[in-house]
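>>> Sharing a model prediction with you, sequence too.
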2 protein chains.
Amino acid sequence: MKRTILLYALSLAALIFILKLIEYRFFVRDLSLEFYVGLVAILFTVLGIWAGNKLSRKKTVVITNPEFQFDAARLQSLNISKREYEVLDLMSKGNSNQEIADKLFVSLNTVKTHSSNLFLKLNVRRRTQAVQKAKELQLIP
Amino acid sequence: MKRTILLYALSLAALIFILKLIEYRFFVRDLSLEFYVGLVAILFTVLGIWAGNKLSRKKTVVITNPEFQFDAARLQSLNISKREYEVLDLMSKGNSNQEIADKLFVSLNTVKTHSSNLFLKLNVRRRTQAVQKAKELQLIP
DNA sequence: AATAAAATCACACTTTCGGGTGAATGCTTT
DNA sequence: AAAGCATTCACCCGAAAGTGTGATTTTATT
């Protein structure tokens, strides 16, 4: 964290130095102000992406802790429906399809349909893989 | 992904518009070039951080659980053999019996025997339950 | 009201899993 | 050497899981 901030500061200093050089050329060679500003924008966008990645990678480690942080956004982005999620949840608790069907008051075939669609959305082929992936994606505890 | 790029483009356009306004004021109020450049730098750093985060967020895959403390004593007390544990480990990673057999260079029947004994020792009836219970017992991450 | 999405179920079919039994081999431990 | 354990494998059988297709109903959204 500290090192990232330090590196950011150093990069900032280096960039400002480079910009001063460019500024010099700008006045000497009479380039347009738009070109100059565009260059600054590009450089700092790149720097921002880099710094952002460095800083948010630390956050990833925080997410790694055992405290489950439900990722509703990811659930939505995968287009997993409410019913499919319920099946996933019961699945992760070690229930068979028949047990899931009994608990959700639906037929076995319905559970199969839901789980099949779930596997497609999670891009897996078996329930064990689905559970694994769902945990990685912070969809279930 | 597409939406992020679109939003980035829109933000870019908005920023350029704002910059033009600032540029206008710059000439009118005669602010220093350094101030102007600094502002551009800050704005695009922020934009870069945001865009970078959006684009790289899908990389937050969590596999390691730092809380995991391997409980060798429990493994022994359950009389789980080395080979059975290897099967359990591969099982927890979503492998089918056939895949486990291939990875351990044994036959499918052997894996079935191991997993069957494993289920007895863990007092479960399905691989999903076995994985669940093994995690609870701190046998696997 | 029309359309789209979600949820429901069926049926046929293939694959995978799990139980039960039996058996051969090798490695320790007594 | 004998007993015990782990490891290996085979065969059979039934249960569970998963695939594919098609169809109906319910619920949201426009």
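That came through fine.

>>> so how far is DNA strand C from the nearest residue to A:Gln132 once chain neighbours are set aside?
The spatial neighbour of A:Gln132 that comes closest, neighbours along the chain excluded (CB to CB, 6 or more residues apart in numbering or on different chains), is B:Gly94 at 4.9 Å. Every C-beta, even on glycine, is put in place using the N, C-alpha and C of the backbone. Separation of B:Gly94 from DNA strand C (CB to the nearest atom of the strand, to the nearest Å) stands at 9 Å.

>>> A:Met91 too?
Counting by CB to the nearest atom of the strand, the separation of A:Met91 from DNA strand C is 13 Å.

>>> That residue: what's it in contact with?
Applying CB atoms under 8 Å, 6 or more residues apart in numbering or on different chains to A:Met91 gives the contacts A:100, A:115, A:127, A:130-131, B:128.

>>> tell me which of the residues you listed is nearest to DNA strand D?
When those are ranked by distance to DNA strand D (CB to the nearest atom of the strand), A:Arg127 comes first, at 3.6 Å.

>>> returning to what we had before: which ones, among the contacts of A:Met91, also lie beside DNA strand C?
Contacts with DNA strand C within the contacts of A:Met91, counted by CB under 7 Å from any atom of the strand: B:Thr128.

>>> Among the contacts of A:Met91, which are located in strands?
If you go by DSSP state E, the contacts of A:Met91 have nothing in strands.

>>> Same list, the contacts of A:Met91, but as JSON lines with neighbour count, distance to A:Phe44 and pLDDT please.
As requested, the contacts of A:Met91 are exported to JSON lines (neighbours: other CB atoms under 10 Å in any protein chain shown; distance: CB to CB, whole Å; pLDDT from 0 to 100):
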{"residue": "A:Ile100", "neighbour count": "23", "distance to A:Phe44": "52", "pLDDT": "93"}
{"residue": "A:Ser115", "neighbour count": "20", "distance to A:Phe44": "48", "pLDDT": "94"}
{"residue": "A:Arg127", "neighbour count": "23", "distance to A:Phe44": "47", "pLDDT": "93"}
{"residue": "A:Ala130", "neighbour count": "25", "distance to A:Phe44": "42", "pLDDT": "93"}
{"residue": "A:Val131", "neighbour count": "25", "distance to A:Phe44": "43", "pLDDT": "93"}
{"residue": "B:Thr128", "neighbour count": "22", "distance to A:Phe44": "50", "pLDDT": "93"}
